[in-house]
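Chemist: Below are the sequence and a predicted model for it; my questions follow.
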Amino acid sequence: MSVKNGETCVTNGNQKLDSPNKSKRALDTEQDTAIEAKLPRIDNADKNGISDKSTGDNTSSKDSEKSTKDAVSLSDFSKFKFRRVLNDNSSKKLIFVEGEFSGSDGAAVVILEKQPFSVETVPQLFTKDTSLDKIFQNDIYGNYMATLPPQLNLVKSTIVHPATEKHIKKYMKEKVYIIEETAELYNTVTKPYVESQPTSIKWVDNILNHVTEQERIVYEDSDEDTGFILLPDLKWDGKTMENLYLVAIIKKHGIKSIRDLNADHIPLLKNIQAKSLKAISDTYGVDAHSLKVYFHYQPSYYHLHVHFTHLQFDGPGASVLGAHLLRTVIENIELSSDYYKNSTLSFTAKRDTPIYNQYTAAGILKEEAAEKEG
């Protein structure tokens, strides 16, 4: 497995990921190319891919050549040197670790995520291969620590290498703030930041132009105005339907977020809604009543895309402060074409991120208060 510039996903274990989710990148990030590879089972984990906001498209060709040259070839984690834990999430069984690989330049971030139980393999847990260590017994209640067979106890491992300071800050635990973005604040503070971002996101263009990840495409509509590509997000293992997660990326460039949407885009949005829901039902047997379909605001990368997640999956950014349901967005711009141009939209910003710094520089967030609270 080669780890190159950006994020790389490795799946630990002998289980083979089902197509259409056997390649590269969690699509919930900014601008990095990610490559998903299959490793022999190792006694640690595997997972790369919260692909949120990365840095890939700001990388020059010289930097890209360097990152390729510095690629690390992995079959296990013996070359990884632990530096510190950046963050952990006990409810989601996630931990974020910073370190480095021996013989390779640059920091690395490893994200370890325990996998959900599979109904199909549960019967295999109840054999002599699962050992039990008793913690206590009280009347009819016994508490034990079970050690499961390795093939039934997989850990997904995401490797970001070389990891920039921006990657490290993204995964580090930081205080989060709510910003009430009025139309004026959008135009004077947010929009200049959005417009400073690359107009072309390389990994998105690679998908749209069939340079990479063609085998992962679940559905494609090639129309220039209403077309899109639907494919799995790397956060999904492609098998556990309760964790289903796909993303529809529009073909048309120049629409960066829901702020840019108006009545002219209703055919695009309705096309994504109807055809994606049908494709998901036909491919995975999950119907519209079991799906949450939404936009993020702020999005993690500025090329319009729609998230499709199972209702039982607690996806990133799916809270009331981050998600805007596709159906509601359509209805709002049907009522008023300029609804999202004129509305106040709330979103969260993590401290020391670019959007946080933008609002701090504008005096909307007070850095002194942040220092005291942090």
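Modeler: Everything's here; your move. Residues are numbered from 1 along each chain as shown.
Chemist: Determine how far the biggest helix by length in the chain lies from the middle of the whole chain.
Modeler: What stands out as the longest helix in the chain, according to DSSP state H, is helix 266-284. Taking CA atoms, centre = their mean, to the nearest Å, the mean C-alpha location of helix 266-284 is offset from the chain mean by 21 Å.
Chemist: same question for it, mean pLDDT?
Modeler: Average pLDDT, helix 266-284: 98.
Chemist: Just the residues contacting it, thanks.
Modeler: 20, 218-219, 221, 223, 225-228, 230, 241, 244, 246, 248, 250, 252, 261, 286-288, 291, 293, 306, 308, 326-327, 329-330, 333-334 (CB atoms under 8 Å, 6 or more residues apart in numbering). (Glycine included, C-beta is placed from N, CA and C.)
Chemist: Okay, buried residues for that helix please.
Modeler: Buried positions in helix 266-284, judged by neighbour count with 16 or more other CB atoms under 10 Å: 266, 268-269, 271-273, 275-277, 279-280, 284.
Chemist: Next secondary structure after it?
Modeler: Helices and strands here follow DSSP states H and E; after helix 266-284, the next one along the chain is strand 291-296.
Chemist: Sheet partners, orientation included, of that following strand?
Modeler: Sheet pairing for strand 291-296, assigned by DSSP bridges, gives strand 305-310 (antiparallel), strand 323-325 (antiparallel).
Chemist: Kindly state which of the ones you listed is positioned closest to residue 147.
Modeler: When these are compared by CB to CB, strand 305-310 sits nearest residue 147, at 29.9 Å.
Chemist: Point to the helix or strand of the chain where mean pLDDT is at its lowest.
Modeler: Taking mean pLDDT, DSSP states H and E as the measure, strand 35-38 is the helix or strand of the chain with the lowest mean score, a mean of 29.
Chemist: which intervals of the stretch 201-350 of the chain have sub-threshold pLDDT?
Modeler: Applying pLDDT under 70 to the stretch 201-350 of the chain picks out no residues at all.
Chemist: mind redoing it with 80?
Modeler: 315-320 (pLDDT under 80).
Chemist: Show me where it has its strands.
Modeler: Along the stretch 201-350 of the chain, counting by DSSP state E, counting those that start in this stretch, strands occupy 219-221, 228-232, 245-250, 291-296, 305-310, 323-325, 345-350.
Chemist: okay if I get those strands as CSV plus distance to residue 172 and mean neighbour count?
Modeler: Putting the strands of the stretch 201-350 of the chain into CSV (distance: least, CB to CB, whole Å; neighbours: other CB atoms under 10 Å) gives the following:
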stretch, distance to residue 172, mean neighbour count
strand 219-221, 36, 18
strand 228-232, 27, 25
strand 245-250, 24, 25
strand 291-296, 20, 21
strand 305-310, 24, 23
strand 323-325, 23, 17
strand 345-350, 9, 17
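Chemist: Go through those strands and name the closest to residue 192.
Modeler: Among the strands of the stretch 201-350 of the chain, the nearest to residue 192 by CB to CB is strand 345-350 (15.4 Å).
Chemist: from the chain's centre, how far out does the closest one sit?
Modeler: With CA atoms, centre = their mean, you get 17 Å for strand 345-350.
Chemist: likewise stretch 203-212?
Modeler: For stretch 203-212, the distance to the chain centre is 17 Å (CA atoms, centre = their mean).
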